[in-house]
Structure formats: structure tokens, C-alpha cells
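J.: pasting the structure only:
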């Protein structure tokens, strides 16, 4: 029997996650989770082959002009997103450095043009996924670029397509240094690494952010959600929130105060000015570290926890 092509594996139309079979699924485990949902028409499926053959989709690339970095013109932050919107509609962020490129999060849609454009930018040394909603076709991406994709070990139950450990790694611990002086993949010495993935928990047990140290940027996905009042934050009144912290965003289920506090504690030793969220336009420019704590305190206070320990934290 001929081996099944990854192009024909089932993809959930709602969340964009690729499963390990071509037939026989009645539901998507990721969308059955109470953090997610199914649309009014119910469960439906597609495949990469159908998406590519439709000629309907393409991936757009937008280079972000770094506002706070060392002046090294070889550093680029590139947003990649699919048009028209597909599944959840998130963006992936390609962080380009002279020592290699990290792809933060992933898209369902990938084609030869996408691979060629990314290779023109230096390829991908490693992929890091923030949480299961963006697992998508990440193994397909790792195979296309000959790199490894890192998924939090705590979120293993939501991996719908498992692959060779040489391409798909479940990382353990709280911090994963990447792109150090000894190579273009994970590096055990955080001090010499260009990037550090940091587990914060909250949205999912293994939810993570990515700290790009040299540019003082934090890629937050929706582990920490950039909200509309955070995008333009010049001369705003005190108490204006910039970020939110939720267990379920589409179903509006908040995190308890201790979980919000744990997210801050996981990142409070980092140094970042800008934060870049899961969707196009979700970018905070300047003073973002302080604004994360300010937002966390405001949210916890408005839950009624005015005496919570987070209020003693200082940025």
C-alpha cells in the first residue's frame, strides 16, 4: 500500500491542526477542548493538497522595522500570515539573525513559494510553538526546512501528528536557550544564546513566550494577549490596560489571579521593550515589560483581589 502523503492528512478547518490520518475522524481534540469551539456548521476538514490546489491562499511577508535594537541591520523580524484568513488566522514571526533564524509559531498553510521566500531570508534553524492552538502543520514545516520544531512537553496530549524526534522535540524545564555560539540549535548556556523560550503556563500548561535578547523583544503569541488599548499607548490615562491573560480567549474565560502572577514571575527577569502578539497589528512599542505588570495588577484588582501578592511586585 502506498505511503500516505502529508499533503493528504486531515486538517481541522477551525483550528488548522493537522492530524495523522487521511480519513475516519469525527472530531478534533483541540477544538473539543473547552478553550476552543466549533462554528455553527460544526466539524469540517480539509488538507494541504486541497488548500494548495484551490489557488485561493498565499502567505504574506511583512518586515517589521525594529524600534529598539543594537543597530545591526542583519536583524530582521518578519510577520508571515495567510490571506485570505485561514483557520484561527494567527501570524508566524520569523526572527532573522546572522547565527540563524527562529520561526516563532506556525501557520497551517505552506507551499513552495513560502519555502522559497523563507530560504531567501536564510531558512529556519528551529521552530518554537507557543501552545497547541498553533501546532497546525508544524511538523510539515520542520521537514520542509530540515530543522527541529520544539513543543512544550506539558502539552504533549494535544499533538495530533507525531514525528521523528530529530524533527519534533518535546522540551522540558522552564527555559530553552536557542542559537548560541556553539551551534544553530538549542544551546545549554542561556548567557550566550540569542533567544530564550520561557514557559509561563496559564493559557495551556506549557504556554510559552520567546525572548529575543539583543532586540529587547518578547514574542508573546496569546500566552500574553496584546489588547487594543495597548497598541497606541502614548499619554494614556493611568490604569489603561495593554495586555490580557485568559484561559480561553474565544470563550472569555479568565485565568485565576495566581496563574496571572505566575506568568509575570516567569518573565520578570527578562529585559524587553516591545511585545509582539499572535495577530497582525498586535504590537506594543516601548515600556512593554512594565506594562505587562501594570496590566496584570489591573486585571487582578478588578477581579476583586485587591490584597493579592502580585500588587507587591515591582517592574
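T.: Noted; the coordinates are in hand. Keep in mind the model is a prediction, meaning the values are calculated, not measured.
J.: what's the top helix by length along the chain in contact with?
T.: Secondary structure of the chain per DSSP state H: the longest helix is helix 288-302. Contacts with helix 288-302, where a contact means C-beta atoms under 8 Å, 6 or more residues apart in numbering, come from 218, 224, 227, 230, 233, 239, 241-245, 254, 257, 260-261, 263-264, 267-268, 270-275, 284, 308, 310-311, 313-315. From N, CA and C alone the C-beta is placed, and that goes for glycine too.
J.: residue 165: neighbour count?
T.: Residues within reach of residue 165, counting by other C-beta atoms under 10 Å, total 9.
J.: should've said residue 141
T.: Using other C-beta under 10 Å, residue 141 has 24 other residues around it.
J.: what's whichever strand or helix holds it packed up against?
T.: In this structure, residue 141 sits in helix 138-145 according to DSSP states H and E. Using 3 or more C-beta pairs under 8 Å, 6 or more residues apart in numbering; DSSP states H and E as the contact test, the elements touching helix 138-145 are helix 112-120, strand 126-128, strand 148-152, strand 168-171.
J.: doesn't residue 65 make contact with residue 78?
T.: No. Using C-beta atoms under 8 Å, residue 78 is not in contact with residue 65; the gap is 11.3 Å.
J.: just want to know which of the two has more residues nearby.
T.: Ranked by neighbour count (other C-beta under 10 Å), residue 78 and residue 65 place residue 78 first, with 19 against 7.
J.: tell me the bridge partners for that one.
T.: Per DSSP bridges, residues listed as beta-bridge partners of residue 78: residue 63, residue 94.
J.: for residue 59, see how far away it is.
T.: Distance from residue 78 to residue 59, counting by C-beta to C-beta, to the nearest Å: 11 Å.
J.: list the contacts for residue 61?
T.: 78-80, 117 are the contacts of residue 61 under C-beta under 8 Å, 6+ apart.
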